[in-house]
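**Student:** Below are the sequence and a predicted model for it; my questions follow.
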Amino acid sequence: MKRDLHIVDVTLRDGSHAVRHTFTEQQVRDVAKGLDQAGVEYFEVSHGDGLGGSSLQYGFSAVNELKLIEAASDVCSQAKAAVLLVPGIGTKDDLEDAVKAGAKMVRVATHVTEADVAKQHIELGRNLGLKTVGFLMMAHMAPPEKIVEQAKLFESYGAEIVYVTDSAGALLPHEVTERVSALKENLSCEIGFHAHNNLSLATANTMAAVDAGATYIDGSLRCLGAGSGNAQTEVLTAVFDRLGYKTGVDLYPIMDVANDVVAELMPRPQEVTKASLIMGYSGVYSSFLLFAQEAAKKFNVDERDILVELGKMQAVGGQEDLITEVARELANQQLTV
Ligand SMILES: C[C@H](O)CC(=O)C(=O)O
Ligand SMILES: [Mn+2]
């Protein structure tokens, strides 16, 4: 079918953060099968921090992600597995292994000002015949001109799609419009948008992105993802159908996999809580949520204070060890007053 809007489901990758990387092969099979039957074209599957993410720093996966990619690919008749690769966490060898396991798309993710580290990985993606995407994370931290500059690097390396990634769920709709419009005006590749719902704006922001010209949008079933989660795949399906777009996704089947499969495996409802709200408000990387909550308990400090401090420090992914430092420092300050 000819789609005019592509919904990429990230439940089995961004959702991995929310379940502390404990997805089992059976869970992955069930979700992938449901996505396939519902007509989803691409879905991501890997550790939450992408290929190679299973580590002390980011949290160990219960099951090797190559097995998960294989399990997901096995049950699909038309849907294709995508993997995320953050250069420095994942390697070119990891990508080659993921392709052997069945991956058909790679999304190479860098901090919004560091696109240059993705050259080799994007080139490899193209050489391996993958649909190749550049993913600019923490997009609220750079103005539109900077994002254009960085996106052009991705495009020059061969990326077929460049994403504005609102990792902190901090962007407001007009800020999404500014960023996506700037890319649309200055690039010839397709534009994508990835939302987090920390300010309860994931759907509104995704609508703003599509209005500004994005043709790839991310969602997760029941919002399962880091922080307050992502835009909700089944909601995006309904909303964009109402708006007259052809996504190729069928509403009842996508609702069924969300409710009958994903809801059953969620450790907690995916809500905007005081901690995730403060992440959107202060511009904090959504994947820090569970680490900050753990540190708050350990050092008996308010999780919001940790997150506000991390926002002020402009901490980015890879600096998870700072979270404990900040919590310890806040606890010391409490002792001295
Ligand atoms: C590695 C991150 O979790 C990628 C992502 O989904 C984001 O930045 O948001
Ligand atoms: Mn995300």
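**Tutor:** Alright, I've got the coordinates. Ligands and ions are numbered 1, 2, ... in the order given.

**Student:** Tell me, how many residues neighbour the closest residue to ligand 1 within the stretch 201-337 of the chain?
**Tutor:** With CB to the nearest ligand atom as the measure, S287 is the residue of the stretch 201-337 of the chain nearest to ligand 1, at 4.8 Å. In this view, the C-beta of every residue, glycine as well, is placed from N, C-alpha and C. S287: 26 surrounding residues under other CB atoms under 10 Å.

**Student:** Report how many residues lie close to the closest residue to it other than its chain neighbours.
**Tutor:** Closest residue to S287 apart from its sequence neighbours, by CB to CB, 6 or more residues apart in numbering: A226 at 4.4 Å. Residues lying near A226 (other CB under 10 Å) number 28.

**Student:** for the one 4 residues further on, same thing?
**Tutor:** Around N230 there are 33 other residues, counting by other CB under 10 Å.

**Student:** got it, and E271?
**Tutor:** Using other CB under 10 Å, E271 is surrounded by 12 other residues.

**Student:** Next, the closest residue to it other than its chain neighbours: secondary structure please.
**Tutor:** Leaving aside its sequence neighbours, E271 sits nearest to S228 (CB to CB, 6+ apart; 6.6 Å). Under the three-state scheme (DSSP: H, G, I helix; E, B strand; the rest coil), S228 adopts coil.

**Student:** I'd guessed S228 sits against V272; true?
**Tutor:** Yes - the criterion here is CB atoms under 8 Å, and S228 meets it with V272 at 4.8 Å.

**Student:** For those two, list the residues in contact with both.
**Tutor:** 197-198, 200 (CB atoms under 8 Å, 6 or more residues apart in numbering).

**Student:** Using ChimeraX, define a selection of the buried residues within those.
**Tutor:** Buried subset of these, written as a ChimeraX selection, criterion 16 or more other CB atoms under 10 Å:
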select :197,198
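
**Student:** that older thread, pull the contacting residues for the residue nearest to E271.
**Tutor:** S228 touches 169, 196-198, 200, 202, 270-273, 276-277, 279-280, 286, counting by CB under 8 Å, 6+ apart.

**Student:** One more: A208?
**Tutor:** By CB under 8 Å, 6+ apart, the neighbours of A208 are 173-174, 176-177, 180.

**Student:** Kindly report the same for E234.
**Tutor:** So E234 contacts 219, 221-222, 251, 254-255, 258 (CB under 8 Å, 6+ apart).

**Student:** can you do 6 Å?
**Tutor:** Counting by CB atoms under 6 Å, 6 or more residues apart in numbering, E234 touches 254-255, 258.

**Student:** Pipe those into TSV and attach pLDDT and distance to ligand 1 per row.
**Tutor:** What follows is these, written out as TSV (pLDDT from 0 to 100; distance: CB to the nearest ligand atom, whole Å):
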residue	pLDDT	distance to ligand 1
I254	99	20
M255	98	23
A258	98	19
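
**Student:** got the residues you listed as TSV, with secondary structure columns?
**Tutor:** Listed next are the contacts of E234 as TSV, based on three-state DSSP:
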residue	secondary structure
I254	helix
M255	helix
A258	helix
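
**Student:** Would you convert these into CSV that also reports distance to G53 and neighbour count?
**Tutor:** CSV is the format used below for the contacts of E234 (distance: CB to CB, whole Å; neighbours: other CB atoms under 10 Å):
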residue, distance to G53, neighbour count
I254, 27, 28
M255, 30, 17
A258, 24, 27
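
**Student:** So for F193, what's the pLDDT?
**Tutor:** F193 carries a pLDDT value of 99.

**Student:** which strands and helices sit next to the helix or strand hosting it?
**Tutor:** Element membership for F193 (DSSP states H and E) is strand 190-194. With contacts defined as 3 or more CB pairs under 6 Å, 6 or more residues apart in numbering; DSSP states H and E, the packing partners of strand 190-194 are strand 161-165, helix 173-186, strand 216-219.

**Student:** closest to ligand 1 out of the ones you listed?
**Tutor:** strand 161-165 (4.9 Å).

**Student:** if we can go back for a sec, buried subset of the contacts of S228 as a ChimeraX selection?
**Tutor:** Per 16+ other CB under 10 Å, the buried members of those correspond to this ChimeraX selection:
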select :169,196,197,198,202,270,272,273,276,277,279,280,286
